[in-house]
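Visitor: Give me a model of this one.
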Amino acid sequence: MSHTGKLRVLMAGTGLLLMAGPAFSLDGADLLAKINAATGMSGTPVTAQSVDVNGTTVTLRGATYKPMPAEEAMAIGDITLEGVQEEDDGGYFIETVTLPDLSMREEETTVTVADISMTNVTVPADVTGGTLDSVLVYEEAATGPVNVSVDGKSLFSLASATSTTEIADDNSSIGFDVEVAGIKADLSTVEDPKAREAIQSLGLTSIDGSMTMSGDWQAADGLVNIEDYTLDFANVGTLSTSLSFSGYTLDFIKAAEETSRAMQPAAGKQAQDAAGLAMLGLMQRLTFNSAEISFQDAGLTNRALDYAGKEQGVSGNTMAQMLKGMTPLLLAQYNVPELQNMVSQAVNTYLDNPGNFIISAAPENPVPFPMIMGAAMGAPNTLPDVLGVTVEANRRQ
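Guide: Numbers count the residues shown, from 1 in each chain. Here you go, the predicted structure:
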């Protein structure tokens, strides 16, 4: 497996193992089987050399994680589950799941993840139903420090990550919140001279920030509301996104998982082609409701103008004026006069005094994804009207 692939497996495995859990005293094999079924993956992604039961504590000894049958299994170690109860319906409830600290090294790169845990995990007895009773859920999943280092020098780290969920009283929806604190990256070691000059000019030698996300998912109609997804970096800015779409039901998720497995290289080209068409068919089930993306500047814009201007032999202010003039000319070729005017006005307002820049899509009625795809291919100039796109700058918050 490639270096990048192994690191991806480690990070993905950490998250998915957090969403796995184990079970109850009487039948360790049954517990592990239901955990694997709840992951929605083929084969047995989570294995253990033995399952030890001591009262309400279950330990998966020598656990490994293998996301795909063709992938290399990753050694995890002993996973401890405390406060395990077998439910009347054959499912399991686990008060606490604790994973050992993970560490992986390949050549000069080392990735570590510490303090991995989950609380109040429910493992379903049957994953074939169409309700939330057939989904593995948890109240909280968390990790402590995560670090990626090369030759002993930390290049990326985060202090902690926490994900919490809350199921509605009528079992119809799940609310979720995610917080990632202390995100740090060191770009000072970039070797390419041109890239290093750009990083230094933009003030991105080291970055420090956080990420938050909140929203909910309604199982019956597959309505996903990502109310807020925000990346906030000091002396750079805040990028916020919201998104709402429908059709992401449990049936859709299962079909998408099956199709995705068929698209793996081991499936063969014919199967991959068929799966690709099937995935396009699945997209017809989704409906777009609304979206918004905004950027709140914290100094990056003027530094970017100064750097771009320097490359052209002009000042940052002159570069801003050049961009103002270029914007309507670039948009004119797309034959969207109303959008052209909106964008030009927003760009002028923003460059005069960088504050926030906001792009919204709010159609009067939900738009099926096939209609969006058809407009994009047949008449792209109609997309702004189809999606109800607006662009503005320096909106009062």
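
Visitor: quick one, what contacts Pro366?
Guide: 246, 287-289 (Cβ atoms under 8 Å, 6 or more residues apart in numbering). Using the backbone N, CA and C atoms, a C-beta is placed for each residue, glycine as well.

Visitor: Quick check: the farthest pair among these?
Guide: By the measure Cβ to Cβ, Ser246 and Phe288 form the most distant pair in the contacts of Pro366, at 8.3 Å.

Visitor: Could you list the low-confidence segments of the stretch 201-350 of the chain?
Guide: Along the stretch 201-350 of the chain, the parts satisfying pLDDT under 70 run over 262-273.

Visitor: can you rerun that using 80?
Guide: 257-280 (pLDDT under 80).

Visitor: ranges for the strands of it?
Guide: For the stretch 201-350 of the chain, the strands defined by DSSP state E, counting those that start in this stretch cover 206-218, 223-233, 237-246, 287-297.

Visitor: Columns distance to Thr230 and neighbour count on top of the contacts of Pro366, output as JSON lines?
Guide: Shown next, in JSON lines, are the contacts of Pro366 (distance: Cβ to Cβ, whole Å; neighbours: other Cβ atoms under 10 Å):
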{"residue": "Ser246", "distance to Thr230": "23", "neighbour count": "18"}
{"residue": "Thr287", "distance to Thr230": "25", "neighbour count": "21"}
{"residue": "Phe288", "distance to Thr230": "21", "neighbour count": "20"}
{"residue": "Asn289", "distance to Thr230": "20", "neighbour count": "17"}
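
Visitor: got JSON lines for those, with distance to Leu60 too?
Guide: What follows is those, written out as JSON lines (distance: Cβ to Cβ, whole Å):
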{"residue": "Ser246", "distance to Leu60": "38"}
{"residue": "Thr287", "distance to Leu60": "41"}
{"residue": "Phe288", "distance to Leu60": "42"}
{"residue": "Asn289", "distance to Leu60": "41"}
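
Visitor: Can you list phi and psi of Leu81 for me?
Guide: Taking degrees, to the nearest 10, you get phi -120, psi 120 for the backbone angles of Leu81.

Visitor: Could you report the pLDDT at it?
Guide: What the model reports for Leu81 is a pLDDT of 94.

Visitor: quick one: what helix or strand has the closest residue to Phe156 other than its chain neighbours in it?
Guide: Distance criterion Cβ to Cβ, 6 or more residues apart in numbering; nearest residue to Phe156, sequence neighbours excluded, is Val148 at 4.3 Å. Per DSSP states H and E, Val148 falls inside strand 146-150.

Visitor: That strand pairs with which strands, parallel or anti?
Guide: Using DSSP bridges, the strands paired with strand 146-150 are strand 109-113 (antiparallel), strand 153-158 (antiparallel).

Visitor: to the chain's geometric centre, what's the distance from that strand?
Guide: Offset of strand 146-150 from its chain centre (Cα atoms, centre = their mean, to the nearest Å): 20 Å.

Visitor: Give me the contact list for that strand.
Guide: 7, 108-114, 154-158, 161, 189.

Visitor: Report the mean per-residue pLDDT for it.
Guide: pLDDT averaged over strand 146-150 gives 94.

Visitor: which parts of it are buried?
Guide: 146-149 (16 or more other Cβ atoms under 10 Å).

Visitor: partner residues bridging Val84?
Guide: Ile94.

Visitor: Can you give me the distance of it to Leu102?
Guide: Distance, Val84 to Leu102, using Cβ to Cβ, to the nearest Å: 23 Å.

Visitor: per-domain residue ranges of the chain.
Guide: 81-285, 294-393 (automatic domain parsing).

Visitor: Quick one: the helices in the stretch 201-350 of the chain, in order.
Guide: 250-262, 269-283, 300-312, 316-332, 337-352 (DSSP state H, counting those that start in this stretch).

Visitor: Export the ones you listed as CSV, with columns for distance to Asn394 and mean neighbour count.
Guide: Listed next are the helices of the stretch 201-350 of the chain as CSV, based on distance: least, Cβ to Cβ, whole Å; neighbours: other Cβ atoms under 10 Å:
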stretch, distance to Asn394, mean neighbour count
helix 250-262, 39, 16
helix 269-283, 36, 13
helix 300-312, 12, 16
helix 316-332, 15, 15
helix 337-352, 5, 17
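
Visitor: Asp208: which of these is closest?
Guide: Between these, helix 300-312 lies closest to Asp208; by Cβ to Cβ that is 13.7 Å.

Visitor: can you pull the buried residues of stretch 133-145?
Guide: Within stretch 133-145, the residues that count as buried by 16+ other Cβ under 10 Å are 133-138, 140-143.

Visitor: From the residues you listed, pick the one nearest Ile174.
Guide: Val137 (6.8 Å).

Visitor: so what's the closest one closest to, chain neighbours aside?
Guide: Nearest non-adjacent residue to Val137 (Cβ to Cβ, 6+ apart): Thr122, at 5.1 Å.

Visitor: any idea of the mean pLDDT in the helix or strand hosting that neighbour?
Guide: Assessed by DSSP H and E, Thr122 sits inside strand 116-123. Averaging pLDDT along strand 116-123 yields 95.

Visitor: can you pull the buried residues of it?
Guide: For strand 116-123, by 16+ other Cβ under 10 Å, it's 116, 118-123.

Visitor: Redo those as TSV? Include distance to Ser206.
Guide: Below are these laid out as TSV (distance: Cβ to Cβ, whole Å):
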residue	distance to Ser206
Ile116	26
Met118	32
Thr119	34
Asn120	37
Val121	37
Thr122	41
Val123	42
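
Visitor: Out of those residues, which comes closest to Asp297?
Guide: Distances from Asp297 to the buried residues of strand 116-123, taken by Cβ to Cβ, are shortest for Ile116, at 35.9 Å.

Visitor: how near is that closest one to Phe252?
Guide: 29 Å.

Visitor: likewise Val51?
Guide: 33 Å.

Visitor: ditto for Leu239
Guide: Applying Cβ to Cβ to Leu239 and Phe252 gives a distance of 28 Å.

Visitor: now swap in Asp208 and tell me
Guide: Taking Cβ to Cβ, one finds Asp208 at 38 Å from Phe252.

Visitor: Nice, that's everything, thank you.
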